[in-house]
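Q: Quick one, structure for this:
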Amino acid sequence: MKNLSLLALVALTLVFSCKKPVDDIVPGEATEDIVEMQTPYGNMYIYLYKATPLHRANFLQLAATGYFDSTTFHRVIPGFMIQGGDPNSKDSDSTNDGTGGPNYTIPAEIRDTIKHSRGVLAAARTNNPAKASSGSQFYISVSTPGTAGLDGNYTVFGFVMKGIEFADSIVKQPRNINNRPYKNQYMKVKVIKKSLDQIKSEYGYVPRY
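A: Just a heads-up that it's a prediction; the model follows:
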């Protein structure tokens, strides 16, 4: 009986002394939905702000259904941003890029406390008084000074926690007079689960909004 108790104690000690693998999520542990955006150069990992719930829910829904897969970054401007999310960019007609979407808009969720900075994810839109966002088109800022002038006019709803250098690679690609890269810059987007501890340890990011 004494030996059995000793063995049990040793077993428990081993269990609690083992470090949990970084990619393991304990059943019941709180997790966050993270966007993994695959590009030709590497993956970007994006946190979607809870302060912009309509944009967050919409983007997660589109990503989960594969809506963005095989679309391209159809507009790139050095010192400014890269734009994508248009289903029209899947076809061979480059002249219709920037005009497509899921046939609905999202009410603006512009927050005074959320500013444009390098790495933010924001919603593209047409010129409309309500500043309603495109249902799917978005842009990623590659320059804080370049996009700061958009504050108060476009909804910022996420942040590239890791992989912004791949956006830098995309924005450098040779492009035509309409700022469309000559070579298609495809993306694939999916939703993954991470705990808050993993977000901090893997991406060095602490959610703010």
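Q: And the strands in the protein, which stretches?
A: Taking DSSP state E as the criterion, the chain carries its strands at 31-38, 43-48, 75-77, 81-84, 105-106, 120-123, 133-134, 138-141, 156-162, 188-195.
Q: helices or strands up against the first one?
A: Read it as strand 31-38. strand 43-48, helix 53-64, strand 188-195, helix 196-203 (3 or more Cβ pairs under 8 Å, 6 or more residues apart in numbering; DSSP states H and E). C-beta here means a position set from N, CA and C on the backbone, and glycine is covered the same way.
Q: Let me know which of these is tucked in deepest.
A: With neighbours defined as mean count of other Cβ atoms under 10 Å, these peak in mean count at strand 43-48, which reaches a mean of 22.
Q: Name the nearest residue to the spatially most central residue of the chain, ignoring sequence neighbours.
A: Centrality entry for the chain: nearest residue to the mean C-alpha point is Ile46, 3.3 Å, by Cα atoms, centre = their mean. Across the structure, with Cβ to Cβ, 6 or more residues apart in numbering as the measure, the residue nearest Ile46 apart from its sequence neighbours is Val35 (4.0 Å).
Q: What of Asn88?
A: Leaving aside its sequence neighbours, Asn88 sits nearest to Gly100 (Cβ to Cβ, 6+ apart; 3.4 Å).
Q: tally of neighbours for that neighbour?
A: Gly100 has 20 neighbouring residues, counting by other Cβ atoms under 10 Å.
Q: measure it to His74 for me?
A: Between Gly100 and His74 the distance is 10 Å, computed by Cβ to Cβ, to the nearest Å.
Q: my guess is Phe199 contacts Glu32, does it?
A: Phe isn't right for residue 199; it's Ile. Yes - counting by Cβ atoms under 8 Å, a contact exists between Ile199 and Glu32, whose distance comes to 6.4 Å.
Q: which residues are common contacts for those two?
A: Tyr47, Pro207 (Cβ atoms under 8 Å, 6 or more residues apart in numbering).
Q: Identify each buried residue in stretch 84-95, please.
A: Gly84, Gly85, Asp86, Pro87, Asn88, Ser89, Ser94 (16 or more other Cβ atoms under 10 Å).
Q: Relative to Phe138, how far out is the closest residue in space to the last one that isn't next to it in sequence?
A: Looking back up the chat, that one is Ser94. Leaving aside its chain neighbours, Ser94 sits nearest to Arg180 (5.7 Å; criterion: Cβ to Cβ, 6+ apart). Distance of Arg180 to Phe138, given as Cβ to Cβ: 16 Å.
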